[in-house]
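*Asks:* When you get a sec, could you give me coordinates for this:
(4 chains)
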Protein chains: 2
Amino acid sequence: MKIGELSTCTGVSIRSLRYYEQQGLLTPVRLENGYREYSPFAEEQVRTIQLYLNLGLSTEQIAGFLHCVLKNKESFCEEIVPVYREKLKEIDEQIKLLQSIKSNLEERMQSILEEQSSQEREE
Amino acid sequence: MKIGELSTCTGVSIRSLRYYEQQGLLTPVRLENGYREYSPFAEEQVRTIQLYLNLGLSTEQIAGFLHCVLKNKESFCEEIVPVYREKLKEIDEQIKLLQSIKSNLEERMQSILEEQSSQEREE
DNA sequence: CTTGACCCTCACACTAATGTCACGGTTTAT
DNA sequence: ATAAACCGTGACATTAGTGTGAGGGTCAAG
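*Replies:* Model prediction:
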């Protein structure tokens, strides 16, 4: 399978496929003419990469356990647990920050709206 | 007040003060020697900028209402309401996304831990 | 043999605020 | 007069994944 086919059947851009290779996530062989040749398993592999990217993991983190996940069930890969834990912690912090900003914004919004309506009554 | 003093008394780096100027948030006059001279109000102005940056607004957004906020009470500035609304919408989307990723991660984590403990019992 | 559809590499752009370095002028105190 | 402490501009780096374009090789069908 050449890169164009893999791109079409996965919906991932050629640019991204080459980037994943550069990050060590894909290792196609090269034909004599220099073209990348992907095994049939590459399709699933790309979908797996996308799955983890959508979980907010970096290519570097994914590179750390991808080889294991592709051979075994995810639950067999101990490498993945600390990554999940770290990501969860990070997400919790982000949510907390966003919620505090949200409260702050809502309060300010409320003050403005109240004051504006009281000004209207005075006019 | 020169830039070093303003930096010291606000805790904002000189680099950032110059950047704010470039973004139209600060407009110090220039002395004959080319040095920036800030008015005494600049200190409050910088604190105000920081406040809005910490609410996650961009310098461009801040530039849109800063002049008003510095002259009037915030509640007098209608320009600010749509910015707050937009930011709130954005934050809600981010929180939603983070929470769905969080659930997903927690489920996966749970599966792994359950399966691992069941494997231990088999050994 | 030419055209079109592939493929290759390299490299710059993007976002946004900040850090940092180079290079050079100014002011102040000794 | 010289050194230290300021100030100025300009430019590159950072993050991480992706888009995009240049310039050029390959291959298959007509």
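
*Asks:* Any residue of the helix or strand of chain A with the lowest mean pLDDT touching chain B?
*Replies:* None of the helices or strands of chain A scores lower by mean pLDDT, DSSP states H and E than helix A:80-122, at a mean of 92. Yes. Counting by C-beta under 8 Å from any C-beta of the partner chain, chain B has neighbours in helix A:80-122: A:80-81, A:84-85, A:87-88, A:91-92, A:94-95, A:98-99, A:101-102, A:104-106, A:108-109, A:111-116. (C-beta placed from N, C-alpha, C; glycine too.)

*Asks:* Could you chop chain A up by domain?
*Replies:* A:1-73, A:78-123 (automatic domain parsing).

*Asks:* Point out the most buried one among those domains.
*Replies:* Highest mean neighbour count among the domains of chain A (mean count of other C-beta atoms under 10 Å in any protein chain shown): domain A:1-73, with a mean of 15.

*Asks:* just how off-centre is it within its chain?
*Replies:* Distance, stretch centre to chain centre, for domain A:1-73: 14 Å (C-alpha atoms, centre = their mean, to the nearest Å).

*Asks:* what's the answer for stretch A:108-123, then?
*Replies:* Distance, stretch centre to chain centre, for stretch A:108-123: 43 Å (C-alpha atoms, centre = their mean).

*Asks:* Please render the domains of chain A as TSV that adds distance to residue B:67 to the earlier fields.
*Replies:* Converted to TSV, the domains of chain A look like this (distance: least, C-beta to C-beta, whole Å):
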stretch	distance to residue B:67
domain A:1-73	38
domain A:78-123	17
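
*Asks:* tell me the centre residue of chain A?
*Replies:* residue A:53 (2.5 Å; C-alpha atoms, centre = their mean).
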